[in-house]
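Visitor: Structure for this input, please:
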Amino acid sequence: MNIINLNKTVTIPKGDILLKQGDIAKYGYFVKSGCLKSYTIDHLGKEHIMQFAPETWMITDLDSFSNQVPSLVYIEAIEASEVSIISNADVKDINQFEKADLVEMNTKFRNNLIATNKRIIGLLSATAEQRYTNFTDTYPSLVQRLPLKLIASYIGVTPEYLSDIRRKIAKN
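Guide: Have a look, this model is predicted:
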């Protein structure tokens, strides 16, 4: 993807926060290696993971990035990661990109939106086991890489209950 190669690539240490809730998202991130997550923290201090971004995924708070409004989420590196940074100015200067680059970026953001919509539907109507299966379908490379605590947060259950789900699936 040439659009990614035109922009700055940086290494992000595990645990670094790239965007804080309330800040304006100045960048979108294309993950070349590693994994990022977006999340929010509720009034009780509990973290709720919205999205993971493993290799080849893009992540940002799209509303904040596009409309320059305060972000509703945090973005953090959950593994040491190499990411290409795409600035708002880069996206606005559309003439610098070839059609194929724009189509690819559009496809990545569209796939992100599709995954988010499926996630919302799952949270509203699926069982915890179905949500876990949806997670494994969406992020197959993360099943063995992530701690149970993070996967449990993503599907909205406790780590103990997630262990029960995984045992049940393994028996079948």
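Visitor: distance between the ends of stretch 152-163?
Guide: Between the opening and closing residues of stretch 152-163 we find a distance of 9 Å, counting by CA to CA, to the nearest Å.
Visitor: what comes up buried for that stretch?
Guide: 152-155, 157, 162 (16 or more other CB atoms under 10 Å). Where C-beta positions appear, they are placed from N, C-alpha and C, glycine not excepted.
Visitor: for this protein, what helix or strand is lowest in average pLDDT?
Guide: Within the chain, confidence by mean pLDDT, DSSP states H and E is lowest for helix 2-5 among all helices and strands, at a mean of 50.
Visitor: Quick check: next helix or strand after that one?
Guide: Beyond helix 2-5 on the C-terminal side, the first helix or strand identified by DSSP states H and E is strand 9-12.
Visitor: roughly how far is that next one from the heart of the chain?
Guide: Averaging C-alpha coordinates over strand 9-12 and over its chain gives two centres that are 16 Å apart (CA atoms, centre = their mean, to the nearest Å).
Visitor: same check, this time on stretch 91-108
Guide: Relative to where its chain is centred, stretch 91-108 has its mean C-alpha point 20 Å off (CA atoms, centre = their mean).
Visitor: Same check on stretch 157-165?
Guide: On the basis of CA atoms, centre = their mean, the separation between the geometric centre of stretch 157-165 and that of its chain is 22 Å.
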